[in-house]
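K.L.:
predicted model and sequence below, questions to follow.
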Amino acid sequence: MEMLLQIIASGLLLGGIYALLSVGLNLIFGVIKIVNLAHGDFLMMGMYATFFLFTLKDINPYVSVLIIFPAFVLVGVLIFRFIIKPLLGKAETEVNTIIATAGLGFVLQNLALMLWKSDFRAIETNLTGKSYEFAGIMLSAGRTWAFVICIAIALILYYILMKTKVGTHIRAVSQDTDAATLMGINVNRIYTLTFAAGIALVGAAGAIITPTFYVYPTVGLYFNTMAFIIVVLGGLGSFTGALIGGLLIGLVESFAGVMASSELAQVFSLLIFLFILFVKPEGIMGKGARV
Amino acid sequence: MLKIENLNVSYGDTQVIWDVNIDVADGEVVTLLGPNGAGKTTLMKTICGLVAPKSGKITFMGEDLLKINPWDRPKKGVVLIPEGRKLFGKMTVEENLEIAAWKEEGKKETMEWIYETLPKLAERRKQLAGTLSGGEQQMCAIARGIMAQPKMLMLDEPSLGLAPIIVEQVFDLIQKLQERGITVFFVEQFVEQSLKIAARGYLLEGGRIVLQEDSKSMLNNDYVRQVYLGIA
């Protein structure tokens, strides 16, 4: 019984991180209707930023979120303005944006390789190796803090989307751009904002996971796959879907890690993914709950 | 109030609006009639900026409308209720109304007027707009347009796909808009009913204005009677 609770707890902790990882990707897809294949590479950039802020400036990874988030907003604005926007509203927008973001991903990976070499890097904070005991369950300190921050960010985002004026505008644009324009909403401004927020969210996720994962130039590839699985699993464009998908994949990996082996964990999440694609191709929350 | 001069619009190489001139005076109700594919919707979209014209001039209250961003045009008083309603289906009725209210001044009063005039909508204010019936959706779409407190409200085929009794309600509502001091410019296929509430009509065929008269003479026009009213 205790074992079971332990597995569930670790799974949920991991799932919370996965959820935050996917939210940005999903937001961009849900509103702008483009697939950002460089998503995982922005996570990698966020991780490197955290790594250097910690090793060179001694800034705590969780505190560095406060620096990385606004910095990545700026990066997102520039990338949207100069790479994404020229492709929107033209022929073959979907294909072109996929090619452009995939290319951007390669550029980021190779930039990282050139600047920082292919070494695996890790940071040791005062939380490293520590864990909290709660009702007989051991919770990794790094993962626990990551989970708490991830859920907090997700809740704030949910509140913004559902309760504020700008959030309502974002939801309006995601449903119908023409109607939004007719109601006096500047669609381009909402697109810029959404793209920047998506990039900043994944940058923040990068900061939060740095204490518990290795940093290397192609770390984004693994997380990119996970983010896409989670987003499709939960339902493209659905905010709650991404949360549920993230937690589900976290649980699956946790169980698979104990029952089989941690190397096989991803195989199991892919099997679950395929299973859901067969029985409910639109994803768990694929209808009715779009952002 | 609205003045369209020598307007030409094309999609790529295909020109759909040819040298169109239209005038709508303050407080007037004017209808734009014509068969499917005449370019009525394109004309509406051009006025509110969803389509850019090839040449020509559109002025609204003396201001060059084409120089104003599409999303800023509602703030100038030009609001379109598009064909097919285009509500935000996954938002509640109230959220749909709120989103159009870009200014605080007069917002409460406008919303009260809407709920008073359309009690059905008041009952369904917390319901998702996508779950309303077709007639209720059209009422909600018009209400959303009113929330922007327009000086001129344009409606693109508000009766599309509605039962005759609901169509009547929509036409009633349009008349109430005029009483509220809103200028109305609307596209319709129901020629007779439209001309009964409008003061004047334009007939658009193949992208050209082929007839413009006050409603009475239009209803008595032989061509209109034969082609659109089926009376020999």
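P.N.:
Arrived safely, thanks for sending.
K.L.:
residues from chain A in reach of chain B?
P.N.:
Within chain A, the residues that sit near chain B (Cβ under 8 Å from any Cβ of the partner chain) are A:168-169, A:171-172, A:175-176, A:178-179, A:181-187, A:288, A:290. From N, CA and C alone the C-beta is placed, and that goes for glycine too.
K.L.:
could I have the buried ones of the residues you listed as PyMOL selection syntax?
P.N.:
The following PyMOL line selects those of those that are buried, judged by 16 or more other Cβ atoms under 10 Å in any protein chain shown:
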select buried, chain A and resi 168+169+171+172+175+176+179+181+182+183+184+185+186+187+290
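K.L.:
among the residues of chain A next to chain B, name the ones in strands.
P.N.:
Among the residues of chain A next to chain B, no residue falls in strands (DSSP state E).
K.L.:
narrow the residues of chain A next to chain B to those in helices?
P.N.:
Cross-referencing the residues of chain A next to chain B against helices under DSSP state H gives A:T168, A:H169, A:R171, A:A172, A:Q175, A:D178, A:A179, A:T181, A:L182, A:V187.
K.L.:
which parts of the chain are helices?
P.N.:
This is for chain A. Under DSSP H, chain A gives helices at A:2-32, A:39-57, A:61-79, A:93-116, A:141-163, A:165-175, A:177-182, A:187-209, A:219-234, A:239-259, A:265-279.
K.L.:
my bad, chain B
P.N.:
Under DSSP H, chain B gives helices at B:40-48, B:73-76, B:93-100, B:107-117, B:119-123, B:134-147, B:164-179, B:191-197, B:215-220, B:222-227.
K.L.:
the ones you listed: which one's closest to A:L155?
P.N.:
helix B:93-100 (20.3 Å; Cβ to Cβ).
K.L.:
by contact count, what packs against the closest one?
P.N.:
Applying 3 or more Cβ pairs under 8 Å, 6 or more residues apart in numbering or on different chains; DSSP states H and E, one finds that helix B:93-100 contacts helix A:165-175, helix B:134-147.
K.L.:
residues making contact with that helix?
P.N.:
The contact list for helix B:93-100 (Cβ atoms under 8 Å, 6 or more residues apart in numbering or on different chains) reads A:168-169, A:172, A:183-185, B:74, B:79, B:87-88, B:91, B:111, B:114, B:121, B:124-127, B:129, B:132, B:140, B:143-145, B:147-148.
K.L.:
which ChimeraX command selects the buried ones in those?
P.N.:
Buried residues among those (16+ other Cβ under 10 Å), as a ChimeraX selection:
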select /A:168,169,172,183,184,185 /B:74,79,87,88,91,111,114,121,124,125,129,132,140,143,144,145,147,148
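K.L.:
nearest to B:C48 among the ones in helices among the residues of chain A next to chain B?
P.N.:
Once Cβ to Cβ is applied, the member of those that ends up nearest B:C48 is A:L182, at 6.1 Å.
K.L.:
find the nearest non-adjacent residue to that closest one, please.
P.N.:
B:L80 (5.4 Å; Cβ to Cβ, 6 or more residues apart in numbering or on different chains).
K.L.:
what residues are up against the one you found?
P.N.:
Taking Cβ under 8 Å, 6+ apart, we find B:L80 in contact with A:L182, B:M44, B:K45, B:I47, B:C48, B:G145, B:M154, B:L155, B:D156.
K.L.:
could you rerun that using 7 Å?
P.N.:
Contact partners of B:L80, counting by Cβ atoms under 7 Å, 6 or more residues apart in numbering or on different chains, are A:L182, B:M44, B:C48, B:M154, B:D156.
K.L.:
for chain B, what lies in contact range of chain A?
P.N.:
For chain B, the residues in contact with chain A (Cβ under 7 Å from any Cβ of the partner chain) are B:48, B:50, B:70-71, B:74-75, B:80, B:82, B:86, B:88-91, B:95, B:99-100, B:102, B:148.
K.L.:
kindly recompute the last result at 8 Å.
P.N.:
Residues of chain B lying near chain A (Cβ under 8 Å from any Cβ): B:48-50, B:69-75, B:79-80, B:82, B:86-91, B:95, B:98-100, B:102, B:144, B:148.
K.L.:
pretty sure B:Q149 sits against B:K108.
P.N.:
No - B:Q149 sits out of contact with B:K108 when judged by Cβ atoms under 8 Å, with a separation of 11.6 Å.
K.L.:
between the two, which one's more packed in?
P.N.:
Using other Cβ atoms under 10 Å in any protein chain shown, the more surrounded residue of B:Q149 and B:K108 is B:Q149, with 22 against 10.
K.L.:
please name the residues that touch the more buried one.
P.N.:
Counted by Cβ under 8 Å, 6+ apart, B:Q149 has contacts B:G77, B:A101, B:K103, B:G106, B:K107, B:T110.
K.L.:
at 7 Å instead, please
P.N.:
B:K103, B:G106, B:T110.
K.L.:
which one of these is nearest chain A?
P.N.:
B:K103 (9.8 Å; Cβ to the nearest Cβ).
K.L.:
look at that closest one and report its pLDDT.
P.N.:
What the model reports as pLDDT for B:K103 is 91.
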